[in-house]
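> Give me the fold of what follows.
(2 chains)
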2 protein chains.
Amino acid sequence: MRWSPSLTPCARRRAHAVADSGGAPGGARWVVDFADGSRELRDLLGGKGANVAEMTRVLGAERVPGGFTITTQACVAYMREQELPAGLLEEVADARARLEERAGRRLGDPADPLLVSVRSGARESMPGMLDTVLNLGLNDETVLGLAEHSGDERFAWDSYRRFVQMYGNVVIGIPGERFERAIAASKATRGVTLDTELDAAALRELTSEFKALYTFPDDPQEQLRGAIRAVFDSWQGERAIAYRRINRIPDEWGTAVNVQQMVFGNMGESSGSGVAFSRDELTGAPEPSGDFLPNAQGEDVVSGARTPRDIAELRDWLPDVHAQLLEILETLERHYGDMQDTEFTVQEGRLYMLQTRSAKRPAQAAVRFAVDAVAEGLLDREQAIATIDPSTLDALLHPTFDPSVEFEVIARGVAASPGAAKGEIVLSAEDAVRAAEEGREVILVRAFTEADDVAGFHAARGILTSEGGKASHAALVARGMGRPAVTGAGDVEIDLAAGTVRIGSRKLSAGERIAIDGSHGAITTDDVPLVEPDVSEHLQTVLSWCDRLRTLGVRANADTPADARKAIELGAEGIGLCRTEHMFLGERQPLMAAVIMARDDVAREAAIDRLRPLQEADFEEILRVLDGRPVTVRLLDPPLHEFLPDPSTLPEGTPERRRAEQLQEVNPMLGTRGVRLGLLFPALYAMQVRALFAAAARVPGSDVEVMVPLVAYERELELMRGLLERIAAEQGAAEFKLGTMIELPRACLQADRIAAEADFFSFGTNDLTQTALGFSRDDIEGRVLGRYIDLKILDRSPFETLDTPGVGQLIRMGAWLGRKTKPGLSLGVCGEHGGDPDSIDFLNSSGIDYVSCSPYRVPIARVAAAQAAIRAAA
Amino acid sequence: MRWSPSLTPCARRRAHAVADSGGAPGGARWVVDFADGSRELRDLLGGKGANVAEMTRVLGAERVPGGFTITTQACVAYMREQELPAGLLEEVADARARLEERAGRRLGDPADPLLVSVRSGARESMPGMLDTVLNLGLNDETVLGLAEHSGDERFAWDSYRRFVQMYGNVVIGIPGERFERAIAASKATRGVTLDTELDAAALRELTSEFKALYTFPDDPQEQLRGAIRAVFDSWQGERAIAYRRINRIPDEWGTAVNVQQMVFGNMGESSGSGVAFSRDELTGAPEPSGDFLPNAQGEDVVSGARTPRDIAELRDWLPDVHAQLLEILETLERHYGDMQDTEFTVQEGRLYMLQTRSAKRPAQAAVRFAVDAVAEGLLDREQAIATIDPSTLDALLHPTFDPSVEFEVIARGVAASPGAAKGEIVLSAEDAVRAAEEGREVILVRAFTEADDVAGFHAARGILTSEGGKASHAALVARGMGRPAVTGAGDVEIDLAAGTVRIGSRKLSAGERIAIDGSHGAITTDDVPLVEPDVSEHLQTVLSWCDRLRTLGVRANADTPADARKAIELGAEGIGLCRTEHMFLGERQPLMAAVIMARDDVAREAAIDRLRPLQEADFEEILRVLDGRPVTVRLLDPPLHEFLPDPSTLPEGTPERRRAEQLQEVNPMLGTRGVRLGLLFPALYAMQVRALFAAAARVPGSDVEVMVPLVAYERELELMRGLLERIAAEQGAAEFKLGTMIELPRACLQADRIAAEADFFSFGTNDLTQTALGFSRDDIEGRVLGRYIDLKILDRSPFETLDTPGVGQLIRMGAWLGRKTKPGLSLGVCGEHGGDPDSIDFLNSSGIDYVSCSPYRVPIARVAAAQAAIRAAA
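Numbers count the residues shown, from 1 in each chain, chains lettered A, B, ... in the order given. Now for the predicted structure:
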C-alpha cells in the first residue's frame, strides 16, 4: 500500500551490494552497520534498522547515534536452530569494535563506558510488542565511570537502576511489578511521590535490591548476548504472535536487532526525549506535532506513565533544538516523500534523532496530507494517492456526535483517534471480548493500555484511558484500527477492585453507558445521537483524483431507496446488486410465506399478485434515486424456508406443518434457491420481472439489468431469457438486459457457454468462496477459522480477502471464457470482496469492469481501484 | 456401447453418397428408398429404416417387402415448423411411384390395391412408444379388389376393419376402447368368443360401425399424409417423452417414418407372424428362440393379447419356413456380428423379414453370447466385450430364491426377466410409484403393460403379468431395466375394481406380499429367502478378458470385513475407500458422542481411548481379508453432529443440550468435517492412525494408505503428515502412505501444491459434484432434479453420471496439476461415479489409475474399463 520512491542508480548499487553480501545464510553476514544500510533493505534490517541507516545518510552521523543492525535473517536462523547462528557473535564483536572506535568509548570501560540500547525492529512496526533493553554496558564498575564522566551521580545510578530493572524484566523474565513495588516502597520510605525525587543513594540502594532478584551478569559482553537473545525470543512471545495474527504479519519474517550507542534524555533539565510528527498526526494539517518530556528517556514518553508536553512548548524551552527539529522533520519528509513519525532525544542541549518512519495516521490525516502534499509539490497525485491506506478510510465515515445536540461533557482528554462511540463501560480487555461475543457495545476504560489489551480494542466500540498522549500505546493502536479513542483523561480514575470509574464528579459502574468523541477528546454520559459524517472536502478532492485515475468501476450493493441514496452520495456509479429478497422481509413476510405455502397454483398466483404492487413501488423508488444510473436487480435468491416459520411452531399433523417440514433443507446453501426456485415457481420470477419492467416504464431513462442468481447451466439462463422475452412482449417493453451471477465453480468453468445467453456477468464472490473452498460461512467463521489462522493454514478469512489461488483462479477463468464468447461482456463483482483493497487489486488485474460493495465501502473501493490502476501502470 | 464393424470401401462410398445428397435440410431430400439405405445411416433413417435397408441388401429384395423411409430430418423440420416440410410430399409421391412399379400394384387401385404399413423408427428403439398404421390403402372400393385378388373375403374385410380401427385410433385419436366395445358387442351378438370367429359379414358391419365414429378419408393419398403426420406427432406424445426421459434419448433426434408394402400374416392357416432371436433371448444359449402366432399380424404377437407359440413349433407347422428362418438368422447375426432380434411374417407359406436389430438382452444372455461368439470365431474378444452393456450386469448379481428352501409355487408364467423379487402387490403404476416413495417394496401386477406403466417398472421390485410372452412389452422393458419379471401367467386374474388378484387358487388383496422368480417363471406367497448369486462361469470368462484388456484399476468401497470379502470375490484389486465413520455407528455411537460432548481434553482423551481397541480390531480384520492388497483408509469425515442426538431431545438448559445445539450447523456439508474436524480435535485422528498402524503391524504384508478428507489447503495435509510422522516414530513404524481426497474445487485448482504433500490422490466425485454445481444431493434430487430433466437442463442426475464439463474438467485439472508436481502420483476416484460406465469412459481418458465403487458394481466397472480401453486404443 505504501508508495516506494524510485532509487537513484547510486543508492540502488549500494543497496544491492549490501543485500548480496549480507544477511543471506549462504553469504553468512549477519550484521550490517548503520553506515552501510539504507531504507531499501527493510526486509533484511527491519523498519527501524533501515530507517536509522537511511537517516544517518541523510542527516549525517552527528545527528544519529552510531550502531549496527543484526539482520532478520539471523533471527530466522535462530528460530530454526534454537541457538544463535554460527558466526553471529564474531560479527557482533567486529561491529562493536567499529562502534567503539567511532564513539571513542569502549563497552565496559570503567573510566568512560560506552552504553548501548538493544532494540527490536521488524519489517512492519509492531509498537510495544517486542523487547528493548536500554543502558546496556553498566555494572558496578562502569556506573562509577559514567557518574564521573557525566558529572552526574544521580543520572548514572538512575541509568543503572533502569538497566538492571529492564534486563531483569526483559531478559530474565522477572515480573515488572516486583521492581515497581520496590520503587514504590523506596518512595514511601523517603516520603516522596515522583521517581525523579529519588536521589543517587536511593537509586543505588534500589539497584542493589533489584540485583538481589536475579543473577545479574556484570560482563557487558554477556549482557549483550543476553539482550540479543531476548529480542529474538520476544518475536515468539504470545503477545507478539497475537499482534501478528491481527495485523497479518507472517511469523516467518523475524525481527532484526538494533544495537545503538545510548544518548541520554535524562541528564537533567537541558535533556529530554520526545516524539515528533512532520505534520499534525491527527488531522494531517501542515504543522509538526508531537510530545516530549524533559529529563526523561524515550520509554517514558511512549509508556504514557507521565503525561508529556506538546512539542510546541519545546520552542520556549530549547528554541535552537526546536528549530533544528523542524528543519530535520522537513528534510526527512521531503526525503521520504511521506509524513514522518520520529523519535528524538536531547542530551544536554544537543539533538539526536533516534528513529524515523512513515507516520501511521488516521484516515483524515492521510487524506489531508495527500491533498497538501500535491499542493506543495512534494508529491504528484499518483504518489499522493499511494500514501493512503484505503482500508482506514471508513473511519472517516464513522459516526460523530450530532452537532446540533447539546450535551454535558463530564471530562476531557486527548483526542487520540477520531470518531464517536457509545457503549457500556468495561474495565478489562477480557470483559470487552466477552461483551462483544454477546453482541453488546462497550467502551474499554483503562488507566493505560499495553500489548495484552489489543484484543479488547477489537471488541470495543471505543477506548478511554486516563494516561498517555497522542503517541501512547492506546492512541497508536486505536488509530491503527479505526477505533475512536480519548486518552490521558486525568479526571478519570479507575477502581478495578470495586469495578467502578470516577469520571469528573460522576461515579459510574462497569455496565453503565458512556459516550466518547475521539475527534475532540470529550466524554459524556448523555445519550448523544451519533450522525453519519459528510465526506470532507479533502476526501472529495482525493476521491475525484482517484476517479480520474482508476479504470475499475465502483457500484454499490443497495436494496432500499435509503441505501441507494447513501451509495450515490458516496460516489457509487450505480447499483451492482439490488437483493430483492430483502423486500420480502419484515411486514411482508406473511405475504411471501403465503406464496410458498400455497396448496395449488391458483392460490399461489393470488398470493403473488398481492406482492406485485409492493415490489413495483420498491423498484420505482430505487430507479428514481438512481436517475439513469445502472441498477442490477437480482431475482429472488434465498432458500424457500427462509421465509417460513420454524415447523416446530406449527400444529402437528397439519398440512402447513407438513409443507414447512418438507421445505426444510439439509444444506440450504446448496439447495432450492436462486434460479432453481425461479424454475420451480416461474410465477414468482415472472411477477418480479413484470414489476420491474412496469416500474422502469414509469421512470424515463431507467437502466435496468435483470440478474439471475445461482446459474450452473447455460440452459437455466436460456429459459429465463424466454420468460423475460414473453413479459417484455406482453408489456411492450423494447429491450432488456439479462445477466447472471457467476457464483458456482461450474459456472466459471462453463462461462463460455453461459455467456452466449448473458448480457453481463457478476461474480458472486461470497458464494463462490463457499463452494470453491467447501466453507459454509455461517459454520466455519466461528469454529474453524480461528484454529486455521493459529495453524497458519490461513492468514485471514477468505470471506474478507479473496482466496486468489482458488476463487481468484475461477474468476479469471470465468472472465476469460465469458469474453471468449462475447468480447464486450460486462463483468462485475458483487460480494464483500468488492470493498476489500487487496481483492480489488487482484480484480483490477483480472479484467473485471466494476466492483460493487456496501455503500460505506464505496470510497475505499474508489481509492483502492485508483491505487490498483497506478500499480498496474507502473 | 455397441460395436460398429468397419464398412467395406464400397459400402462406405454408397452410404456417404446418400448422406451427402439426402436428408440435410440444405440438400432437401427427405425420402430414401430401402434399396438406397444402409445401417450406417441410422441417424438419418432411424434404426428400423437403416436395418430394413441393410437387410434388403443382405437377404435380397424378395425376402424384404419394398418401401422407403422418410428421414428423421423431416421429423425435425416438422417439429420446428409444425407443418410437413416443403418438398416432402412430392418426394413421397415419387418414392411411392417407384414402390408401385416394383410391387406391380398401385395404391388405391380398385382391382389389386397396393397396401402399405406406416411405421415409426427412431435412432434408438422405443418399443411400443410410437405409432404405427397397417393396411393403409384400403377403402370401400379397394377392399373389394383385395377380396377378389386374394380370394379371401374375410381376410379383406378383417384387414379393412383393422385399418379403419388403427387409423381412427392413431391418426384421429378415437379412444381404442370404443372400437374394442363394438367388437365385443359383435361377438356377443353372434355368440362367439374369438375375433377369428367373426366372419366377413360381421367384419364388414364392424367396419361400417367404425367409420361412423369419425370422418374416414377414402383417398389413399390422404390416408398416407395423415399417417405420416400421426407418426411425427407421436414423437411428441406424452408417453414417448416419458420414455425418452427414462432412457435418456434426446428429444431433438426425431423419428423416421417407414412406408413398406404390406405382407399378410392373417391370410389363413399357412400365414402367420412372429419374432425370432438368433439365440435364446434370455440365456444367450446358441439356439434361436422366439414366438409366433399363426394367422395373425405382427401386432398381435407383440401386444400379448394372444399367447403365442414357441418358435420351435414352427418346424412342425411349416418346416421349409423354419429352415429358411434359421438360415436367415444365422446370416444376419454373422453380418451384424451381434445377436439379432427379428420380426417376420409368413404370407401363404412365403417368409418375409420385416425387421432386424441387435437384440436387447438380459446380462446373462449378453455374457453368454460374448463367450460363445468368441468360441465360434464370430467375434474377437474386443468385439465381444463391446456387445455387452455393462450397466445391465448387476442384474446377474441380483438375488435369486434360496435354492435350498422349498416353497409352494402357486402359479407359473413366462420367465421373462431374470432375478427374484419380493414385495407387496400393487395393481397400478401410480400405486407402485407412491409405494416406492414411501420406501415400500412392491411387485407390480397387471394383465399386460403398456407405455404408461413404465414409471411403475422403475418403482417396483418385480413385474408380474397375466398375458404376453418373452417379447411382450412387459418382458422387454423389465429386461432393459434389470427388473425380474414373470409374464403370461394365465392363472393370474386381476379384479381392478375390487383391488384383488386371484393367483391359482389364492385370492390376494393389494398390499399382501408375493414373491416372483423371473429366471424360472415361478410365483409364490411363501417368504422365500433371497440369496446373492455366484458369478457365472461365462461372466468369469468375460471378466478375465476384461482384466487383461483394461488399464484402469478397479477397487471397491468397503467399510466392513463382510463388504471387503464381497469386494474381493467380485474381483476388486483392493479397497479404494474404507469409511471409518461407519465404524462408529450403531452400538458404538454413544462412545463417539462421548468424545464430542467431552467438557475438557482429559474427558475427551479418555473417551477416545475407549474407541481405540474397537477401531484397531476393525482394521485388523479388514487387513486380513485384503491379504496384502491395498486398503485406503479415510480418516473420520462427517460433521460432528451426525453422531449426536437431536438437541431438542435433551433437557433444556443443560450443558449437553447447549453443546449439542452449538454443534448444529446451517450447512453441514460445508461445515466442520473432514480434516477440519481432525485439526480441531487432533486426538481423534491420532487415535485412528495409531489403531491403523498397530493393526497393520499385526498383519504382515499389509498395504495401508491413510487418506485425509476435505483438504483445500496444502498446509492441512502438511500438518497431517506431521501427525503421522510422530505416530509412526512412536510406534516404530517404518513408513506410511499419506494421501488426500480431492473433493473441493480449490483442491483441484491447487493440486500441484497439495501433491507436494501427498503420496496419492483420490477424487471424491460425490462431494466435488456437490460443491462444483452447488447442488446438495440431499436437497436437490427430490425437488429440483425432476424439474430440471423436464426442462432439459439435465438429462440425468449428475450424481449418477459425472458432469464432465464442470466436475470432469476439475478432475482433469487436478490430475494434470498433481502429476506436474509428482509424475508418478497415484490417482483414484471413489464415489458412485466409479461404478458408472459412462463416467468410467471419461475417467479412463483422464489419466486416472483406478476407480473404486460399491462391491456389486465391481464387475460393471471391470467391463466398462475394458470397453474404455478398447475405445481408447481404436
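
> For residue A:59, give me its contacts.
Applying CB atoms under 8 Å, 6 or more residues apart in numbering or on different chains to residue A:59 gives the contacts A:328, A:331-332, A:353. Every C-beta, even on glycine, is put in place using the N, C-alpha and C of the backbone.

> mind checking how far it is from chain B?
From residue A:59 across to chain B, the span is 45 Å (CB to the nearest CB, to the nearest Å).

> Which members of the contacts of residue A:59 occur in strands, if any?
Among the contacts of residue A:59, the members falling in strands (DSSP state E) are residue A:353.

> Of the contacts of residue A:59, which pair is most distant in space?
Largest separation among those by CB to CB: A:331 and A:353, giving 10.1 Å.

> higher neighbour count, these two?
The neighbour comparison of residue A:331 against residue A:353 (other CB atoms under 10 Å in any protein chain shown) goes to residue A:353, with 25 against 16.

> Look up how far residue A:276 lies from the more buried one.
9 Å (CB to CB, to the nearest Å).

> between these two, what contacts are shared?
Any residue near both residue A:353 and residue A:276 by CB under 8 Å, 6+ apart counts here, and that gives A:342, A:344.

> Please identify the buried residues of stretch A:320-331?
Neighbour counts using 16 or more other CB atoms under 10 Å in any protein chain shown place A:321-322, A:324-326, A:328-329, A:331 of stretch A:320-331 among the buried residues.

> if you look at those residues, which of them are in helices?
Residues of these located in helices (DSSP state H): A:321-322, A:324-326, A:328-329, A:331.

> Closest one of those residues to chain B?
Distance to chain B, by CB to the nearest CB, is smallest for residue A:329 among those, at 44.7 Å.

> I figured the closest one was touching residue A:288, is that so?
Yes: Residue A:329 is within contact range of residue A:288, at 5.2 Å (criterion: CB atoms under 8 Å).

> what is in contact with these two at once?
Common contact partners of residue A:329 and residue A:288 (CB under 8 Å, 6+ apart): A:276-278.

> got those residues as JSON lines, with secondary structure, pLDDT and neighbour count columns?
Formatted as JSON lines, these follow (DSSP: H, G, I helix; E, B strand; the rest coil; pLDDT from 0 to 100; neighbours: other CB atoms under 10 Å in any protein chain shown):
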{"residue": "A:276", "secondary structure": "strand", "pLDDT": "96", "neighbour count": "26"}
{"residue": "A:277", "secondary structure": "strand", "pLDDT": "96", "neighbour count": "26"}
{"residue": "A:278", "secondary structure": "coil", "pLDDT": "97", "neighbour count": "28"}
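
> and which of those residues is nearest to chain B?
Minimum distance to chain B across the shared contacts of residue A:329 and residue A:288 is 40.4 Å, recorded for residue A:277 (CB to the nearest CB).

> Contacts only, for the residue nearest to that closest one when sequence neighbours are not counted.
In this structure, residue A:277 finds its nearest non-sequential neighbour in residue A:289, 4.9 Å apart by CB to CB, 6 or more residues apart in numbering or on different chains. Residue A:289 sits next to A:276-277, A:279-282, A:310-311, A:470 when contact means CB under 8 Å, 6+ apart.

> what's the spacing between the residue lying closest to residue A:441 once chain neighbours are set aside and residue A:509?
Excluding the flanking residues, the one nearest residue A:441 by CB to CB, 6+ apart is residue A:423, at 3.8 Å. From residue A:423 over to residue A:509 the distance is 14 Å, taken as CB to CB.

> which ones are touching residue A:301?
Applying CB under 8 Å, 6+ apart to residue A:301 gives the contacts A:273-275, A:291-293, A:308, A:469, A:471.

> and the residue in the stretch 401-550 of chain A that chain B sits nearest to, how many neighbours?
Closest contact between the stretch 401-550 of chain A and chain B, by CB to the nearest CB, is at residue A:437 (12.8 Å). Number of residues near residue A:437 (other CB under 10 Å) recorded here: 10.

> What does the pLDDT read for it?
pLDDT for residue A:437: 79.

> how near is it to residue A:742?
35 Å.

> The spatially closest residue to residue A:847 that is not a sequence neighbour: helix or strand, and which one exactly?
Distances taken as CB to CB, 6+ apart place residue A:815 nearest to residue A:847, at 4.7 Å, with adjacent residues excluded. Element membership for residue A:815 (DSSP states H and E) is helix A:809-821.

> got it, and residue A:779?
Taking DSSP H and E as the criterion, residue A:779 maps to helix A:777-790.

> buried ones in that helix?
Residues A:777, A:779-780, A:783-785, A:788-789 are the ones in helix A:777-790 that count as buried (16+ other CB under 10 Å).

> Please apply the same query to stretch A:699-716.
Within stretch A:699-716, the residues that count as buried by 16+ other CB under 10 Å are A:699, A:702-716.

> go on, stretch A:458-468?
Neighbour-count burial for stretch A:458-468 flags A:459-468 (criterion: 16+ other CB under 10 Å).

> quick one: which of these sit in strands?
Counting by DSSP E, those contribute A:462-465 to strands.

> And those, which is closest to residue B:225?
Each of those was scored against residue B:225 by CB to CB, and residue A:462 proved nearest at 87.2 Å.

> For that closest one, give the beta-bridge partners.
Judged by DSSP bridges, the bridge partners of residue A:462 are residue A:443.

> I figured residue A:202 was touching residue A:191, is that so?
No: at 11.3 Å, residue A:202 does not count as touching residue A:191 under the criterion of CB under 8 Å.

> and those two? which has more neighbours close in?
Comparing residue A:202 with residue A:191 by other CB under 10 Å, the one with more neighbours is residue A:202, at 21 against 7.

> and that one, how far is that from chain B?
Distance, residue A:202 to chain B, by CB to the nearest CB: 50 Å.

> That residue should be in a helix, yeah?
Yes: Residue A:202: assigned to a helix according to DSSP: H, G, I helix; E, B strand; the rest coil.

> Tell me who's in contact with it.
By CB under 8 Å, 6+ apart, the residues touching residue A:202 are A:186, A:190.
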